[in-house]
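In: Got a predicted model here, sequence first, then my questions.
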Amino acid sequence: MPLYFYMPGAEIERIGNVRLADDVRVSAGPRVLLEKLAKRIEKAIPEVTVVDPIFFRDAVFPDGGWWLEELMETERCERISQELGIRFLVLVGAGFYQVRADMGFVLPGLGAMTSRETAVLSAVVIDLEKNAPVCRLRSESEGTDLYLNFYIFVGMGAGLVIPSVERGVANALTEVLLESTGGAPARVALMGAEASGDPFVAYEGAPITVGRDAAVAEMINRLAETESEFVPGTTSRDEIRRLLGDPMASHAGLGVEVYRFTASAESRTRPLLLWWNFRTKDREERSYAGYLLVAYDAAGKAIDVQRAIIAADVDSNEDVGVDFTGRSGTWMYDYDFESFATSSVRGFRLEVRHVGQNTEERLYTEPEGVLVLEKGEWVAEASVEPAGDEPP
């Protein structure tokens, strides 16, 4: 059975603006992966010493818990830096592997198929002396697997996408640490990051994305970042507009704005002929829409914000073919959003829904329930002033 393997390249992305989910825990595993990365870093930079993950975990979290939020407290960060002499914390997480059948045929005694593999691995570097993230690194690699069968003859080929992204992250970490230390001796803690979803996206439960899904994650993160940085009575209308651009709808008299964003997750498959199944669909797309509802006081300061995200009603459980690798794969559209959502702030309620691939928006005053905005247009009732502050 002839076999061949090759190492595809990895695409490395360096992101300066780091946003972390609220439910991140610091872990001493996956131990094998951490050891591989540590060996590569120490080999490339002899001046850097990677401390044992168990030692770091027990020293920083003597009472357990392992929450990153607790580690990033100023006093604890200073103790780690001064008493333990550890300058940098590297968190490795957001690992993802996807496999799907692209095209081919399988008949009794005869078969030829290719499948596409994608692997993603991310890491965040934190400067403990400054108590601030340095950057986020994201490595993504794609490869094609080949399966051939002619009665008793079988040929297979595979791209080593997982080793590729591991090497990509290690090389990128080496560059960042060299830049940050200038070649001076430094102690580094290399740990795992665990969360309900991608730990390096400011939205709990956010999926780890690949390829054409990335635009959806970017939209989610943008809305979540704006919401997390909001300070009631301090964040101004101009600050929110600098982050998000112009709103979909704005009413100075009512003191309310609605922001709307759209993104698509896209999947592509090519003809697949199995003796028990035949599929010809080439492309499927799911649309997402994200909203941010903002209420303002008379001075133009935001007093309340809330987001809502909806997904077009597209079946995400379509059969994607046979996985001959024996490894578990993940399909696109792994987002837990419904086609209808509401968002409420002080004095207003926004209802949004997907109808097919189109969106509908309705904004009501609360508690009166007066409709003031429909499908992006202010209606006659919008002249009604809610109780409270004078309009800005």
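Out: On my side now, so go ahead.
In: pLDDT weak spots in the protein?
Out: Residues of the chain that meet the criterion pLDDT under 70 lie in 1-2, 100-102, 152-155, 210-212, 267-284, 314-336, 380-392.
In: Which parts of it are helices?
Out: 31-44, 53-60, 68-71, 74-83, 161-181, 214-229, 237-244 (DSSP state H).
In: Show me how the record splits this structure into domains.
Out: The record's domain parsing of the chain by automatic domain parsing lists 1-203, 209-392.
In: hmm, back to that, let me know which of the helices of the chain is the nearest to residue 359.
Out: helix 214-229 (13.3 Å; C-beta to C-beta). (Each C-beta comes from the backbone N, C-alpha and C, glycine too.)
In: Run through the neighbouring helices and strands of that closest one.
Out: Packing partners of helix 214-229 (3 or more C-beta pairs under 8 Å, 6 or more residues apart in numbering; DSSP states H and E): helix 237-244, strand 256-268, strand 283-296, strand 302-311.
In: Turn the domains of the chain into a markdown table, columns for mean neighbour count.
Out: Formatted as a markdown table, the domains of the chain follow (neighbours: other C-beta atoms under 10 Å):
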| stretch | mean neighbour count |
| --- | --- |
| domain 1-203 | 17 |
| domain 209-392 | 17 |
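In: ok, back up a step: please tabulate the helices of the chain in TSV and include distance to residue 150 as additional columns.
Out: Compiled in TSV, the helices of the chain are given as follows (distance: least, C-beta to C-beta, whole Å):
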stretch	distance to residue 150
helix 31-44	38
helix 53-60	49
helix 68-71	53
helix 74-83	60
helix 161-181	27
helix 214-229	39
helix 237-244	58
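In: what's the closest of those helices to residue 309?
Out: Closest to residue 309 of those, according to C-beta to C-beta: helix 214-229, at 6.6 Å.
In: With only the CA atoms kept, save that closest one in CSV.
Out: C-alpha atoms of helix 214-229 as CSV (Å, rounded to 0.1, in the frame of the first residue of the first chain):
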residue,chain,number,x,y,z
ALA,A,214,-13.5,33.9,9.7
ALA,A,215,-15.7,36.9,8.7
VAL,A,216,-18.4,35.7,11.1
ALA,A,217,-15.9,35.5,14.0
GLU,A,218,-14.6,38.9,13.2
MET,A,219,-18.1,40.4,13.3
ILE,A,220,-18.9,38.6,16.6
ASN,A,221,-15.6,39.8,18.2
ARG,A,222,-16.2,43.4,17.0
LEU,A,223,-19.6,43.6,18.7
ALA,A,224,-18.4,41.9,21.8
GLU,A,225,-15.3,44.2,22.1
THR,A,226,-17.5,47.3,21.9
GLU,A,227,-19.9,45.9,24.5
SER,A,228,-17.1,44.9,26.9
GLU,A,229,-15.4,48.3,26.7
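In: contacts for that helix?
Out: Residues outside helix 214-229 that contact it (C-beta atoms under 8 Å, 6 or more residues apart in numbering) are 19, 198, 201-203, 206-207, 209, 235, 240, 243-244, 261-265, 288, 290-292, 305-307, 309, 335.
In: rerun that using 7 Å as the cut-off
Out: Under the contact criterion C-beta atoms under 7 Å, 6 or more residues apart in numbering, helix 214-229 has outside partners 19, 201-203, 206, 209, 240, 243-244, 261, 263-265, 288, 290, 292, 305, 307, 309, 335.
In: Out of the helices of the chain, which gets nearest to residue 99?
Out: Across those, residue 99 has its closest neighbour in helix 161-181 (9.3 Å, C-beta to C-beta).
In: returning to that earlier point: out of the helices of the chain, which is closest to residue 137?
Out: Closest to residue 137 of the helices of the chain is helix 161-181 (C-beta to C-beta; 4.5 Å).
In: Identify the residues contacting the closest one?
Out: Defining contact as C-beta under 7 Å, 6+ apart, one finds that helix 161-181 is touched by 7-10, 12, 14, 33, 36-37, 40-41, 44-45, 48, 88, 90, 97, 117-121, 123, 125, 127, 134-135, 137, 139-143, 188.
In: cool, and stretch 61-80?
Out: Outside of stretch 61-80, the residues within contact range by C-beta under 7 Å, 6+ apart are 20, 24, 25, 26, 27, 57, 60, 86, 128, 131.
In: okay, among those, which ones form the most distant pair?
Out: 27 and 131 (20.7 Å).
In: quick one, what contacts residue 138?
Out: By C-beta under 7 Å, 6+ apart, the neighbours of residue 138 are 13, 15, 120, 122.
In: what's the closest of those to residue 149?
Out: residue 120 (30.4 Å).
In: The closest one is in contact with residue 208, isn't it?
Out: Yes: Residue 120 lies in contact with residue 208 (C-beta atoms under 7 Å); the separation is 6.0 Å.
In: where do the contact lists of those two overlap?
Out: Residues touching both residue 120 and residue 208 (C-beta under 7 Å, 6+ apart): 94, 96.
In: Do I have it right that residue 122 meets residue 137?
Out: Yes: contact criterion C-beta under 7 Å: residue 122 and residue 137 qualify, at 6.5 Å.
In: tell me the contacts of residue 87?
Out: Contact analysis of residue 87 by C-beta under 7 Å, 6+ apart lists 81, 128, 129, 186, 187, 188.
In: And it, how close does it get to residue 305?
Out: As judged by C-beta to C-beta, to the nearest Å, residue 87 and residue 305 stand 37 Å apart.
In: How much space separates the residue nearest to residue 44 when sequence neighbours are not counted from residue 128?
Out: Among residues not flanking residue 44 along the chain, residue 174 sits closest, at 4.4 Å (C-beta to C-beta, 6 or more residues apart in numbering). In this view, residue 174 and residue 128 are 19 Å apart by C-beta to C-beta.
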